[in-house]
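[1] Fold the following, please.
(chains A and B)
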Amino acid sequence: EPEVTQTPSHQVTQMGQEVILRCVPISNHLYFYWYRQILGQKVEFLVSFYNNEISEKSEIFDDQFSVERPDGSNFTLKIRSTKLEDSAMYFCASWTGKTEQYFGPGTRLTVT
Amino acid sequence: AQTVTQSQPEMSVQEAETVTLSCTYDTSESDYYLFWYKQPPSRQMILVIRQEAYKQQNATENRFSVNFQKAAKSFSLKISDSQLGDAAMYFCAYTGGGADGLTFGKGTHLIIQP
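    Sure thing, here's the model as predicted:
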């Protein structure tokens, strides 16, 4: 069964540093997403990406965040200058638009 | 904006019993998708069941079924014959489809008593 993969599984970084979280969505899916889950809280939508551009973004997705699909397979989330409050689990997801969104296993980001 | 409400922060059920988790949502759309996701301690998001709003028939997947009441904007999950492996956080989620992101509820922590 096809699956969404994410790397790394855990990333530790210092406040103010840039991080790039990587995802490989399912190949025939059209829509790609990033979500965030702070420990003990609900999953929050960050951004959706379709046809090589951002489709929607939430209030959380401010100027410090960016997304890219550099090579037709990878889908990345960049956080330019990390803050303590960026510590969370970050999930990538993809779907065809009609069935269900498939989630990757997540990247746990710890900002110290 | 769409909202999803799960009013039960925690539920407990005896193994082999049936439990129902509640979810309500608010939307002005007529066509949309609803999901229940399970999140075990590993924090992986696992799809349990999905429902397309245009389908009147309630979705079922083995021991899992939903009671979808479109007019009431209610989408409850029934787990029959509860098993220890069902213990997890359960999140209800809504999307209008396409590029819309999922809107999640706050989750229900399900405890299975042996």
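
[2] Now for residue 37, how many residues are close by?
    I went with chain A, as the question did not name one. 21 (other C-beta atoms under 10 Å in any protein chain shown). (Glycine included, C-beta is placed from N, CA and C.)

[3] Chain B is the one I meant
    For B:Tyr37, using other C-beta under 10 Å, the count is 24.

[4] so it is in which element?
    Following DSSP states H and E, one finds B:Tyr37 within strand B:33-39.

[5] Give me the distance from the helix or strand following that strand to the chain's centre.
    Next helix or strand after strand B:33-39 toward the C-terminus (DSSP H and E): strand B:46-52. With C-alpha atoms, centre = their mean, to the nearest Å as the basis, strand B:46-52 stands 8 Å off its chain's centre.

[6] cool, stretch A:50-61 as well?
    For stretch A:50-61, the distance to the chain centre is 11 Å (C-alpha atoms, centre = their mean).

[7] now swap in stretch B:38-56 and tell me
    The answer for stretch B:38-56 is 6 Å, by C-alpha atoms, centre = their mean.

[8] Endpoints of that stretch, how far apart?
    End-to-end distance of stretch B:38-56 (C-alpha to C-alpha, to the nearest Å): 24 Å.

[9] contact partners of that stretch?
    Under the criterion C-beta atoms under 8 Å, 6 or more residues apart in numbering or on different chains, residues A:37, A:43, A:89, A:91, A:93, A:99-103, A:105-106, A:108, B:29-37, B:58-61, B:64-66, B:68, B:70, B:75, B:77, B:86-91, B:107 lie in contact with stretch B:38-56.

[10] And the strands in the chain?
    Looking at chain A here, since you left the chain open. Assigned by DSSP state E, the strands in chain A fall at A:5-7, A:10-13, A:19-24, A:31-37, A:44-50, A:53-57, A:65-68, A:75-79, A:88-95, A:102-103, A:107-111.

[11] My question was about chain B, not that one.
    B:3-5, B:10-14, B:19-21, B:24-26, B:33-39, B:46-52, B:60-61, B:64-69, B:74-79, B:88-95, B:103-104, B:108-113.

[12] Check the spacing between the closest residue to A:Arg22 other than its chain neighbours and A:Thr107 real quick.
    Sequence neighbours aside, A:Thr7 is the residue nearest to A:Arg22 in space, at 4.9 Å (criterion: C-beta to C-beta, 6 or more residues apart in numbering or on different chains). Distance of A:Thr7 to A:Thr107, computed by C-beta to C-beta, to the nearest Å: 7 Å.

[13] ok, now A:Pro8?
    A:Pro8 is 6 Å from A:Thr107, by C-beta to C-beta.

[14] so what's the residue nearest the centre of chain A up against?
    Residue closest to the mean C-alpha point of chain A, counted by C-alpha atoms, centre = their mean, is A:Trp34 at 3.3 Å. With contacts defined as C-beta under 8 Å, 6+ apart, the neighbours of A:Trp34 are A:Leu21, A:Cys23, A:Leu46, A:Val47, A:Val67, A:Leu77, A:Tyr90, A:Phe91, A:Cys92, A:Ala93.

[15] I appreciate the help and will end here.
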